[in-house]
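S.K.: Need coordinates for the below:
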Amino acid sequence: MSSEMDIQRLITEQGYRPCPACRTVLRPGATHCRYCNTPLAAPAAADAQPKPTRPRLAAANEKALGGLRHLPGHRLTFTVIGKPITQGSVSTPAPGVVKHSPELHAWRSAVNKAAAKACGSGWEPANCPLLISAVFTLPRPVSAPKTKIIHAAAKPDLDKLLRAINDALSPKDKQAFRVYTEDSRIVGCDIGPFKTYPAPLATHPWALTEPGVAIAISPAPAAAKPQDNA
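M.R.: Purely as a prediction, here's the structure:
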């Protein structure tokens, strides 16, 4: 066993190579096997090895990334504390007039302010395809088991929770703070959306210890060509 390990170490650590015909282990730089005279292929150059590449972003240029281009990994992350509110059904007191609840207005304002604080002054709204990650921590129901981890498989609806976040980060008011130019820039979700109850009895590692939401926004990777299904 020791002999086999020593031979393997010569191959993996010191550049020795086995002959493709008789499997004799030959010194680095050998061009032919000294026993069967089989020619050996030239060793691959170190710079010929594939190098890891950074995923190409869907953004056409750096300017389209807006303020994201100044962040590590072009990724914005922040949390908002407060009971998440859904954005779904609305009242229409008059033709063309849409009215949301005061609770939704307050929640979207809290999300917008938290985003503005995380982005800092001089932020430029991103204007490229984006991915959003959102994990909502909801109040644990009084009826839920006190010591058991359970899924938040009850109201509110997840899609309506995310809708409020999307609109809060790109308000219709052009004078308000905007993380991205418009919510149509969101093309998918990286992590989540997901809803959970607070930690430590949570079902997601991003869960907060109190109600709120953890959000991350990053550029979408460049679109890949669809694979042909033979």
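
S.K.: any idea how far Leu131 is from Ala30?
M.R.: Between Leu131 and Ala30 the distance is 51 Å, computed by CB to CB, to the nearest Å. To be clear about C-beta, it is placed using only N, CA and C from the backbone, and glycine gets the same treatment.

S.K.: nope, Leu162 is what I was after
M.R.: Distance of Leu162 to Ala30, computed by CB to CB: 62 Å.

S.K.: Of those two, give the one with the bigger neighbour count.
M.R.: Applying other CB atoms under 10 Å to Leu162 and Ala30 shows that Leu162 carries more neighbours, namely 23 against 16.

S.K.: Apart from its chain neighbours, what residue comes closest to the more buried one?
M.R.: Pro193 (4.6 Å; CB to CB, 6 or more residues apart in numbering).

S.K.: my read: the one you found touches Asp157, true?
M.R.: No: contact criterion CB atoms under 8 Å: Pro193 and Asp157 do not qualify, at 10.5 Å.

S.K.: Between these two, tell me which one has more neighbours.
M.R.: Pro193 (18 against 12).

S.K.: quick one: Tyr180 and Gly66 touch, right?
M.R.: Yes: the pair Tyr180 and Gly66 passes the contact test of CB under 8 Å, sitting 7.2 Å apart.

S.K.: which residues do these two both contact?
M.R.: 125-127 (CB atoms under 8 Å, 6 or more residues apart in numbering).

S.K.: Pull the contacting residues for the residue most central in space within the chain.
M.R.: Centroid-nearest residue in the chain, with CA atoms, centre = their mean: Asp190, separated by 4.2 Å. By CB under 8 Å, 6+ apart, the contact list for Asp190 reads 131-133, 216, 218.

S.K.: Sort out for me which of those residues are in helices.
M.R.: When these are checked against helices using DSSP state H, none is located there.

S.K.: give me the low-pLDDT residue ranges for the chain?
M.R.: Where the chain drops to pLDDT under 70, the residues are 1-17, 22-27, 34-35, 41-60, 89-99, 223-230.

S.K.: buried residues in the lengthiest helix in it?
M.R.: The residue-count maximum for a helix in the chain (DSSP H) belongs to helix 102-119. Using 16 or more other CB atoms under 10 Å as the test for burial, helix 102-119 gives 104, 107-108, 110-112, 114-116, 118-119.

S.K.: Need the residues that contact it.
M.R.: In contact with helix 102-119 (CB under 8 Å, 6+ apart) are residues 67, 76-87, 123, 164-165, 167-169, 171, 176-177, 179, 213, 215.

S.K.: Check stretch 131-139 too.
M.R.: Outside stretch 131-139, the residues that touch it by CB under 8 Å, 6+ apart are 83-84, 152, 156, 158, 161-162, 165-166, 186-199, 202, 204, 206-208, 210-220.

S.K.: These, buried ones only, as a ChimeraX selection?
M.R.: Only the buried entries of these go into this ChimeraX selection, using 16+ other CB under 10 Å:
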select :83,84,152,156,161,162,165,166,186,191,192,193,194,195,196,197,198,202,204,206,207,208,211,212,213,214,215,216,217,218,219,220
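
S.K.: Which of the contacts of stretch 131-139 fall in strands?
M.R.: Mapping these onto strands (DSSP state E) picks out 186-189, 194-196, 212-219.

S.K.: ok, those vs Lys148, which is closest?
M.R.: For the ones in strands among the contacts of stretch 131-139, the minimum distance to Lys148 (CB to CB) is 13.6 Å, reached by Thr196.

S.K.: How much space separates that closest one from Asp159?
M.R.: Distance, Thr196 to Asp159, by CB to CB: 16 Å.
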